[in-house]
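Asks: here is the input, now give the coordinates:
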Amino acid sequence: MGEYDLTIGTLLVGIVFNTYLYGLVCFQFLRYYREEFNDPLPIKAMVSVLFFVDTVHSTSLVYMLYVYCVTNYGNPEIFSVALWPYTLTPIATAVAALLTQAFLGYRILRLTGSWILFGIVIAVSVPSAILGIACGTRAWIIKVMSELPKLNGLVTAWLALQSAVDIYITLVLSIVLWRSKTGFRRTDSVLNSLIRGSIQTGLFATIFSLGDLITFLKAPLTNFYGMFAFPIGRIYTNTLLDTLLARNELRQALSGIDISTTKPSSGASSALRWASRRQRTTQTIQLTEVESQPTDIVILESSTHSDPHEHDMAIDQKKSTATV
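Replies: Predicted structure coming up:
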């Protein structure tokens, strides 16, 4: 093993992977605005803020790598200094995590109507973000790599809370979507895809957060924790953008339905029906259209309904309009 494998080597791997994820963020960001989703201003502002934070953080990491490897070539003492892009990492990650977790918590609220479930997300994600910002601020003040273990308590609390929120959101969304299954093949196929997506994105963020925590505690004098820490913010942003863009994929998955409808007025609803030859059933779908907001399909088997700018489906046997 080379002399700098555990310092500049792991740093390089983390920055390269982060740059790759940032490329995906750019692609999804451009796709989001190109497809012109008619989302409310807060959603568009949130997407723009995340893209701005990701851009600043990712470009600063490339700059940091240049300073370490080119500007200070032959000066190994530079590796003992935590440059400002390094200390910016907890702050950028905390902002991305807070916005993404709040948005996913709002999805839970719209699906379940439970302010308690939503409140749990906010009650944990906000302190987690504050701890992350505190970690970055303290690290910027300390600056010396060998003294960063002083932050063990803050870092442990921050990443533990952040991972707990990710796991909680994944479990709640998976359970809600699983209970929403209707027995209709097309609908259940879409729900299965949403469940898989929730598990994959939540698991991905949790693995990197725990990897960051473990390596920071066990190998504080190397850059192993940086290899896990740098990409976490991009993982959250990709999760949010993928959730927003998946609405069109949902509509395509539910296509092929023989639909007859009349155009609803603003804020009104129209009933759409299709017949299943194999099961000889007729299921009513309500298409909710809200002025200045995109249209989504909601399967009326739930007392709750989808937010106009989301692709979530809620189901409740009390209001089922399926007839055999």
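Asks: would you list the phi and psi of S180?
Replies: The phi/psi pair for S180 (degrees, to the nearest 10) reads phi -80, psi 0.
Asks: correct me if wrong: it contacts L191.
Replies: Yes: between S180 and L191 a contact is recorded at 5.9 Å, counting by C-beta atoms under 8 Å. Every residue, glycine included, has its C-beta placed from N, CA and C.
Asks: so the closest residue to L221 other than its chain neighbours versus E77, what's the distance?
Replies: Computed as C-beta to C-beta, 6 or more residues apart in numbering, the closest residue to L221 that is not its neighbour in sequence is S146, at 6.5 Å. Relative to E77, S146 is positioned 12 Å away (C-beta to C-beta, to the nearest Å).
Asks: more neighbours, the two?
Replies: Neighbours per residue (other C-beta atoms under 10 Å) separate S146 from E77, with S146 holding more: 11 against 7.
Asks: how about the secondary structure of the more buried one?
Replies: Look at S146: counting by DSSP: H, G, I helix; E, B strand; the rest coil, its state is helix.
Asks: tell me the pLDDT at it?
Replies: For S146, the pLDDT comes out at 84.
Asks: before we move on, what about the one 10 residues further on?
Replies: As predicted, T156 sits at a pLDDT of 93.
Asks: then K263?
Replies: Per the predicted model, pLDDT is 40 at K263.
Asks: what's near enough to touch L210?
Replies: The contact partners of L210, by C-beta atoms under 8 Å, 6 or more residues apart in numbering, come to 159, 163.
Asks: ok, it to M145 distance?
Replies: Taken as C-beta to C-beta, the span from L210 to M145 is 22 Å.
Asks: and L104, by the same measure?
Replies: Applying C-beta to C-beta, the value for L104 to M145 is 34 Å.
Asks: who's more crowded, those two?
Replies: L104 (27 against 18).
Asks: okay, the closest residue to the more buried one other than its chain neighbours and W84: tell me how far apart.
Replies: Using C-beta to C-beta, 6+ apart and skipping residues adjacent in sequence, the residue nearest L104 is I169, 4.9 Å away. I169 is 31 Å from W84, where distance means C-beta to C-beta.
Asks: between those two, who's got more neighbours?
Replies: Under the criterion of other C-beta under 10 Å, the comparison of I169 against W84 puts I169 first, with 25 against 13.
Asks: against L83, how distant is the residue nearest the centre of the chain?
Replies: Geometric centre of the chain, nearest residue: T239, 3.2 Å, by C-alpha atoms, centre = their mean. Distance, T239 to L83, by C-beta to C-beta: 28 Å.
Asks: try D5
Replies: Distance, D5 to L83, using C-beta to C-beta: 20 Å.
Asks: which one's more surrounded, these two?
Replies: Each of D5 and L83 has its neighbours counted (other C-beta under 10 Å); L83 has more, 17 against 12.
Asks: now that one: closest residue in space that isn't a chain neighbour?
Replies: Spatially, and ignoring its direct neighbours in sequence, L83 is nearest to M64 (5.0 Å; C-beta to C-beta, 6+ apart).
Asks: that neighbour reaches L88, doesn't it?
Replies: No: taking contacts as C-beta under 8 Å, M64 lies outside contact range of L88: 9.2 Å.
Asks: and the gap between I8 and A164?
Replies: Counting by C-beta to C-beta, the gap from I8 to A164 is 33 Å.
Asks: more neighbours: those two, which one.
Replies: Between I8 and A164, I8 has the larger neighbour count (other C-beta under 10 Å), namely 18 against 15.
Asks: check contacts around the more buried one.
Replies: 68-69, 79, 223.
Asks: and the buried ones among the residues you listed, selectable in PyMOL?
Replies: The buried subset of those, as determined by 16 or more other C-beta atoms under 10 Å, is captured in PyMOL by this line:
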select buried, resi 68+79+223
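Asks: what's the closest of the contacts of I8 to S58?
Replies: Y68 (16.0 Å; C-beta to C-beta).
Asks: against L173, how distant is T112?
Replies: According to C-beta to C-beta, T112 and L173 sit 10 Å apart.
Asks: neighbour count winner among these two?
Replies: L173 (24 against 20).
Asks: for T239, see how far away the more buried one is.
Replies: Counting by C-beta to C-beta - L173 and T239 are separated by 12 Å.
Asks: swap in T89?
Replies: Going from T89 to T239 by C-beta to C-beta gives 18 Å.
Asks: hang on, the earlier thing: what's the pLDDT at the residue nearest to L83?
Replies: Predicted confidence (pLDDT) for M64: 95.
Asks: buried residues, the helix or strand that contains it. List them.
Replies: Following DSSP states H and E, one finds M64 within helix 41-66. Residues of helix 41-66 classed as buried: 43-44, 46-47, 50-51, 53-54, 57-58, 60-61, 64-65 (neighbour count, 16+ other C-beta under 10 Å).
Asks: okay then, goodbye and thanks.
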